[in-house]
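Student: Here is my input; please provide its structure:
(2 chains)
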Amino acid sequence: MAASSPATGSSQAHAARIDKAARREAIAGYLFISPYLIITSIFTIGLLFYAFYISMTDLRETFSRTSNFVGLQNYVTALTDGDFLLSLVNVFWYAIIVVILQTIGALLLAIALNAPIKGQRIFRTLFYAPSVASSVVVSLIFLWLYIRTGFVNYFLSLLGLPETTAWLQQPNGLFQIMFGVTDPYLKGPSVTWLAIMAMNIFTTIPTLMLLFLAALQDIPGHLYEAAAIDGATGVKAFFSITLPLLRPTVVLVLILGTIGTLQVFDQVAVMTAGGPVKTTLVPAYLIYAKTLGTPEISADAGLAAAMAFILAGIIVLATYLQRRFIEQGSERT
Amino acid sequence: MRHRRSLILAVLLGLLVPLIAACGGGTPAAAPTAAPAAGATAAPAPVAGGGGTMEVEPNAVLRVTSWGDAAEQKINTDSFARFNALYPNVKIEYQPQASDYQTKLKADAAGNTLADVFYLDSGLMTAFGPENILLDLTPGLQAGGVTLDSYAPALLQLFQRDGKTYGLPKDFNPLVLFINNEKAQAAGVDPTSITTWEAWRDAATKMTTGEGNSKVFGMCMQADAQRFGALMLQQGINIVDGKTVNFTDPKAIEAVNFWYSFYKDGHGQLPKELGADWCGQAFGEGKVGMTLEGGWMVPYLAKDFNDVQYTALALPTPPNGDRSSLLFTNAWAASAKTAYPKAAAALVLFLTSPENQRPILDVGFALPTHNTVLKDPAAQSNPTTKVLLQAAEYGKVSDIAFGGAAKDDVLKALNTNVEAAFLGQAELSKALETAQAEAQAALNK
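Tutor: Here you go, the predicted model:
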């Protein structure tokens, strides 16, 4: 590589030494990442290719010995499959409502906990607690809170609402209740679905709060002092200083939230299995059920793989749009 | 400096992970407790009691799996103990799978880790049957000198395909009505008087008491075709008649309507909404007065709710209707890939033999599939077993009643749409029309 340069013997030796050292360093680097690299290439990238192949076959049961190549047929079937379209509508509502509410909630909570109040650390620990529990455990707890004889109804009865509701058995959609729309695609999120959203917002807010809290502490105090001299305090300071400086964190929280909500699975698998009347059926659960087959959903592994790639495409698109939209917004200010 | 220390820490932690994993999961397989003398096991073990023994591989180890709660698991471990009395050199590793059984078995089959011997229902039979996953039991039956006509033919045929026998029906169960005596009497209802639909509705109304969270419901509900389907049969119609689906028959609609009326009138409730996993639990906990279940209730109640006094009755009959019920059956089967096909076949044969079915009948769990036990007058001694046996005579096998091979799709169509009607998303007659169309499409495939 040093052939074109008029190099003396000693400098050549020197270059070779540096070269050797660099190579050794590179090898050490590769060695360090190799466990991760090997596992990822086998279990993630390798399986990704395999899943893509399956999505092009008519494999029904995962243990079948025979399958035929059918090209993009499964993708066409998926996009006309009533269950899949319904699951996309359901997860759309879920993503919109959960992401917006959890971002606002986390921001407000972070600001509250950033204020110099007594017992700040205790509150931070307390509020973070729900995020530590696994989502399956939280789902099981809420399963019991939401039943007819559960705590939610007890609490409502204390408020003078004696009627007991089976929260996880309410397929009535929001627009169905408000305007009488009965079409399953247009009736809006069901009461059960909203109940699960409430649970998810409750458990995700603390994690996101932590991100906001860290970002808030990075904002230099003198900015507020300067603003105060200029006469901007309170709400004005929040919108003029805090929010613009939090923009990268907001983008992060929105993107993480969108990816997380579009992939929602545990809550549905534990609490409703897609019911009642498919109003909580989401793509991730449908893909799982279609891969192995459940009493409610028959197995079709090829179709499930195609659905998984469509879902991945939707997530990439949503992330891209968010970044573009919000980053363009930041250039304007 | 700080960086280097954290790097060292990270490396150390990285090293720890596999170490911990090794400690946690890597418990070495337990050594066989009784070291069997190799060679001697190859010869047939001495015949004990009435059961014959077959020649099996020496030092066979069989992994066995099944669904079932603690009561059912005990029935199986007792059966294995009886098997081991005859075949002391076959080691059984029992790994029950309490929930998501079908999903688990399909995943195991895909991953080549299927157990050697397992429960097989007709749904799994449909999935596994054509895939060379199940062991053909014909050689085992020949070696054991067992003829297929020993088993009730209507049950056996579910597990046969292309002249091969892949499973032997282990037992079966009809649906009957379980009534909580105490609750019935408190409501002024004689449990034995619930013999017609009218008396049934009346009893459910009277047995519904209390308000709010402490409300007790007369009837435990399930939006499940494998419950209300029995009521359709009672109307004297076939649910699936060859290639024709009969959901929209006025008599079928009447049956589903009757079932739904318990729920609609507030005299019936779904177990989930009562904080119970299934109707048996809600019944045992006294949250409902009546439920439609099978013999599996008997050992379950005896174990977990010993103080509940109950009466089992044949399904109450509709006006101008017939006696009928749905029968459920499952089989024991073996994996085609087992390393010990002879031992696996011997276990399946023993588990479904009269020697094993008789003690299970005494527990009251399920009815025998073996003719010699089924026709034994001693079986009639227990009042609940007697009711179950009678229902078995006029009941129809659920898997066949719902359309045989297309059964899963037919059930799905019916369950999904009727659930929607139960939860107020569709008119019941409209829901049955949709179900009819979906099920018909599945049957015509």
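
Student: When you work out contacts or count neighbours from here on, use the C-alpha atoms and nothing else.
Tutor: Noted.

Student: can you give me the helices for the stretch 101-250 of chain B?
Tutor: Using DSSP state H, counting those that start in this stretch, the helices found in the stretch 101-250 of chain B span residues B:101-110, B:122-128, B:138-144, B:153-156, B:181-186, B:197-207, B:225-234, B:250-264.

Student: roughly how far is the second one from the heart of the chain?
Tutor: Just to be clear, that refers to helix B:122-128. Its chain's C-alpha centre lies 14 Å from the corresponding centre of helix B:122-128 when counted by CA atoms, centre = their mean, to the nearest Å.

Student: Identify all contacting residues around it.
Tutor: A:61, B:102, B:134, B:158-159, B:330, B:399, B:405, B:408 (CA atoms under 8 Å, 6 or more residues apart in numbering or on different chains).

Student: B:Ala339 and B:Arg63, how far apart?
Tutor: 11 Å (CA to CA, to the nearest Å).

Student: contacting residues for the residue of the stretch 151-300 of chain A found nearest chain B?
Tutor: Residue nearest to chain B within the stretch 151-300 of chain A: A:Val277 (5.4 Å; CA to the nearest CA). The neighbours of A:Val277, taking CA under 8 Å, 6+ apart as the test, are A:171, B:416, B:419-420, B:423.

Student: what's around the closest residue to B:Phe402 other than its chain neighbours, how many residues?
Tutor: Once flanking residues are discounted, B:Phe402 sits nearest to B:Val240: 5.7 Å by CA to CA, 6 or more residues apart in numbering or on different chains. Number of residues near B:Val240 (other CA atoms under 10 Å in any protein chain shown) recorded here: 20.

Student: before we move on, what about the one 10 residues further on?
Tutor: By the criterion of other CA under 10 Å, B:Pro250 has 11 neighbours.

Student: picking up where we left off before, quick check: which of the helices of the stretch 101-250 of chain B is buried the most?
Tutor: Across the helices of the stretch 101-250 of chain B, the average number of neighbours (mean count of other CA atoms under 10 Å in any protein chain shown) peaks for helix B:225-234, which reaches a mean of 24.

Student: Show me what it is packed up against.
Tutor: For helix B:225-234, the elements it packs on are helix B:250-264, strand B:326-334, helix B:407-422, judged by 3 or more CA pairs under 8 Å, 6 or more residues apart in numbering or on different chains; DSSP states H and E.

Student: circling back to that earlier point, would you mind measuring from the residue nearest to B:Phe402 to B:Leu233?
Tutor: With the distance defined as CA to CA, B:Val240 ends up 10 Å from B:Leu233.

Student: Can I get stretch B:346-355 in CSV? Just the C-alpha atoms.
Tutor: Output of stretch B:346-355 as CSV, limited to C-alpha atoms (Å, rounded to 0.1, in the frame of the first residue of the first chain):
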residue,chain,number,x,y,z
ALA,B,346,-46.4,-50.8,24.9
LEU,B,347,-47.1,-47.7,27.0
VAL,B,348,-50.0,-46.6,24.7
LEU,B,349,-51.4,-50.0,24.8
PHE,B,350,-51.2,-50.3,28.5
LEU,B,351,-52.7,-46.9,29.2
THR,B,352,-55.8,-47.8,27.1
SER,B,353,-56.1,-51.3,28.4
PRO,B,354,-58.9,-52.6,30.7
GLU,B,355,-56.2,-53.0,33.4
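
Student: picking up where we left off before, may I have the predicted confidence score for the residue of the stretch 151-300 of chain A closest to chain B?
Tutor: With respect to pLDDT, A:Val277 scores 87.

Student: Could you look up the SS state of it?
Tutor: For A:Val277, the assignment made with DSSP: H, G, I helix; E, B strand; the rest coil gives coil.

Student: Tell me the residues on chain A that lie near chain B, please.
Tutor: Contact residues (CA under 8 Å from any CA of the partner chain) of chain A with chain B: A:61-65, A:144, A:147-149, A:162-164, A:166, A:169-172, A:182, A:276-277, A:292-298.

Student: Without its sequence neighbours, what residue ends up closest to the residue in chain B that chain A sits nearest to?
Tutor: Nearest to chain A, among the residues of chain B, is B:Ala110, at 4.1 Å (CA to the nearest CA). Spatially, and ignoring its direct neighbours in sequence, B:Ala110 is nearest to A:Phe63 (4.1 Å; CA to CA, 6+ apart).

Student: Backbone dihedrals for the one you found, please?
Tutor: phi -100, psi 0 (degrees, to the nearest 10).

Student: Tell me who's in contact with it.
Tutor: B:106-107, B:109-111, B:131.

Student: now A:Ala21: how far from A:Phe32?
Tutor: According to CA to CA, A:Ala21 and A:Phe32 sit 16 Å apart.

Student: Which residue ranges make up the domains of chain A?
Tutor: As recorded under automatic domain parsing, the domains making up chain A are A:1-54, A:75-332.

Student: Make TSV out of these and add distance to B:Asp190.
Tutor: Shown next, in TSV, are those (distance: least, CA to CA, whole Å):
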stretch	distance to B:Asp190
domain A:1-54	60
domain A:75-332	29
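
Student: on that earlier part again, okay, B:Ala339 and B:Arg63: which has more neighbours?
Tutor: Counted by other CA under 10 Å, B:Ala339 and B:Arg63 do not tie: B:Arg63 has more neighbours, with 17 against 14.

Student: so which helix or strand takes in that one?
Tutor: In this structure, B:Arg63 sits in strand B:61-65 according to DSSP states H and E.

Student: Can you list the buried residues in that strand?
Tutor: For strand B:61-65, a neighbour-count test (16 or more other CA atoms under 10 Å in any protein chain shown) marks B:61-65 as buried.

Student: tell me what that strand is packed against?
Tutor: Helices and strands in packing contact with strand B:61-65 are listed as strand B:91-94, strand B:117-120; criterion 3+ CA pairs under 8 Å, 6+ apart.

Student: Please name the nearest non-neighbouring residue to residue 275.
Tutor: Using chain A here. With CA to CA, 6+ apart as the criterion, A:Gly275 has its nearest non-adjacent residue at 6.6 Å, and that residue is A:Leu281.

Student: um, chain B though
Tutor: B:Gly275 sits nearest to A:Ile147 (CA to CA, 6+ apart), 6.6 Å away.

Student: Look up phi and psi at that neighbour.
Tutor: phi -70, psi 170.

Student: Next: B:Pro341.
Tutor: phi -60, psi -30.

Student: returning to that earlier point: rank the contacts of helix B:122-128 by pLDDT and give me only the lowest.
Tutor: For the contacts of helix B:122-128, the model is least confident at B:Ala405; its pLDDT is 80.

Student: Leaving out sequence neighbours, find the closest residue to that residue.
Tutor: B:Thr126 (6.6 Å).

Student: Could you pull up the contacting residues of the residue nearest to B:Glu93 when sequence neighbours are not counted?
Tutor: Using CA to CA, 6+ apart and skipping the chain neighbours, the partner closest in space to B:Glu93 is B:Arg63 (4.7 Å). By CA under 8 Å, 6+ apart, the contact set of B:Arg63 is B:92-95, B:115-117.

Student: Swap in 7 Å and give it another go.
Tutor: Contact analysis of B:Arg63 by CA atoms under 7 Å, 6 or more residues apart in numbering or on different chains lists B:92-94, B:115-117.

Student: Mind checking which of the residues you listed are buried?
Tutor: For the contacts of B:Arg63, a burial check counting by 16+ other CA under 10 Å picks out B:92, B:94, B:115-117.

Student: Residue ranges in chain A under the pLDDT threshold?
Tutor: Applying pLDDT under 70 to chain A picks out residues A:1-11, A:162-163, A:327-333.
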